[in-house]
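**Q** One predicted model, sequence on top.
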Amino acid sequence: MPGSPLVPPVLDRSLGAWGRRIRASWAAWWHVLLLGAQVLVLALAPSSYAQGAQRSAVLQQIYRASTPLMPGFLTLSALLSLVLIRIVVATAYSYGLSQYALEVLVRTLVLEIIPLYAAMFVALRHTMPEGQRIRKRLSQQHRSGVQHEHQALLRNELLPRALAGVFSVLLLAAVSSVIALVLTYFNVYGFSHWALPAYTLAVGQVFTPAVVLIFSLKTLFFSLSVAIVPLAASARRDEAGGFGRLSDISEFARLLSVLLLVEVTSLLGNYY
């Protein structure tokens, strides 16, 4: 209790600071949930972005979120896939477990690593920088006395970037998964088509309907998290009522906690 003689001043200040941090964290998460829900409602209504200038803005953001990222991401993804494939194949052969190498590769590389890697790549290269650009613009408008209208901010700034982030994660994850499957075949069976039916059967046995459903939902929630969490933070006012610069580390930690929550939930669904 503030001012109480029973509470030491140092403990009183510590409790007060701890309470302020809890309230600030709760307010930040609530803002993300509220604004994310508003963006989702607009995204589920094609009339809000299917015509006119809004459609052009969405297409422009999709191009910016996908095309420049494709070469670098696919190159890094292919290199990462090759390294993991060689490690898993060599280890499986050394222990006489070569019959399990293919299933392990598909489950670890395609189902788990690539969607998470694609989400983090898009977050670091597109949605987080775009969120900082929006916040910088809002800060300049605030200092100039310009008041932005909330619905205009949602429709013109946040919605196009959110849709672009979702599209980019889904596209990069899908293309890199196909590349990983092709590289897996070449590393396990070589440049021959004789094993293609057996390979297709083995991959199909991994992708059961339940696994496909969980994999699709996980990738979708990854893309939504990457698209909404950084952009929602960019439109949140600080304690002074303005739009001061946010800590990149704090925002990335918030996004990473959401991604890990989705990943853990998918693991429980797949293996428990």
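**A** Arrived safely.
**Q** What is the burial count for residue 259?
**A** Neighbourhood size, residue 259 [other CB atoms under 10 Å]: 20. Just so you know, the C-beta spots here come from the backbone N, C-alpha and C atoms, and that holds for glycine as well.
**Q** Going by contacts, tell me the helices and strands next to the helix or strand harbouring it.
**A** In this structure, residue 259 sits in helix 248-271 according to DSSP states H and E. Packed against helix 248-271 by the contact rule (3 or more CB pairs under 8 Å, 6 or more residues apart in numbering; DSSP states H and E) you find helix 9-43, helix 114-122, helix 128-143, helix 209-234.
**Q** and among these, the most buried is which?
**A** Each of the helices and strands packed on helix 248-271 was scored by mean neighbour count; the highest is helix 114-122, a mean of 24, by mean count of other CB atoms under 10 Å.
**Q** re the thing from before, how about CSV for the helices and strands packed on helix 248-271, with distance to residue 253 and mean pLDDT added?
**A** Converted to CSV, those look like this (distance: least, CB to CB, whole Å; pLDDT from 0 to 100):
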stretch, distance to residue 253, mean pLDDT
helix 9-43, 11, 73
helix 114-122, 13, 93
helix 128-143, 12, 79
helix 209-234, 11, 90
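**Q** nearest to residue 252, of those?
**A** Closest to residue 252 of the helices and strands packed on helix 248-271 is helix 128-143 (CB to CB; 7.0 Å).
**Q** Next secondary structure after that closest one?
**A** helix 150-153.
**Q** Point out where the stretch 51-200 of the chain drops to low pLDDT.
**A** For the stretch 51-200 of the chain, the stretches with pLDDT under 70 are 141-142, 145-150.
**Q** can you give me the helices for it?
**A** For the stretch 51-200 of the chain, the helices defined by DSSP state H, counting those that start in this stretch occupy 52-66, 70-94, 101-105, 114-122, 128-143, 150-153, 159-189, 196-206.
**Q** What about residue 188, how many residues nearby?
**A** Neighbours around residue 188, by other CB under 10 Å: 18.
**Q** Isn't it up against residue 103?
**A** No: applying CB atoms under 8 Å, one finds residue 188 not in contact with residue 103, separated by 11.2 Å.
**Q** Can you list the neighbours in contact with stretch 72-92?
**A** Residues external to stretch 72-92 that are found in contact with it (CB atoms under 8 Å, 6 or more residues apart in numbering): 98, 100-101, 104-105, 108-109, 113-114, 117-118, 121, 172, 175-176, 179-180, 183-184, 187-188.
**Q** Can you turn the buried part of those into a ChimeraX selection?
**A** Only the buried entries of the contacts of stretch 72-92 go into this ChimeraX selection, using 16 or more other CB atoms under 10 Å:
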select :101,104,105,109,113,114,117,118,121,172,175,176,180,183,184,187,188
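**Q** gap between the residue nearest to residue 61 when sequence neighbours are not counted and residue 180?
**A** The shortest distance from residue 61 to any non-neighbouring residue, by CB to CB, 6 or more residues apart in numbering, is to residue 164 (3.7 Å). Residue 164 sits 24 Å away from residue 180, going by CB to CB, to the nearest Å.
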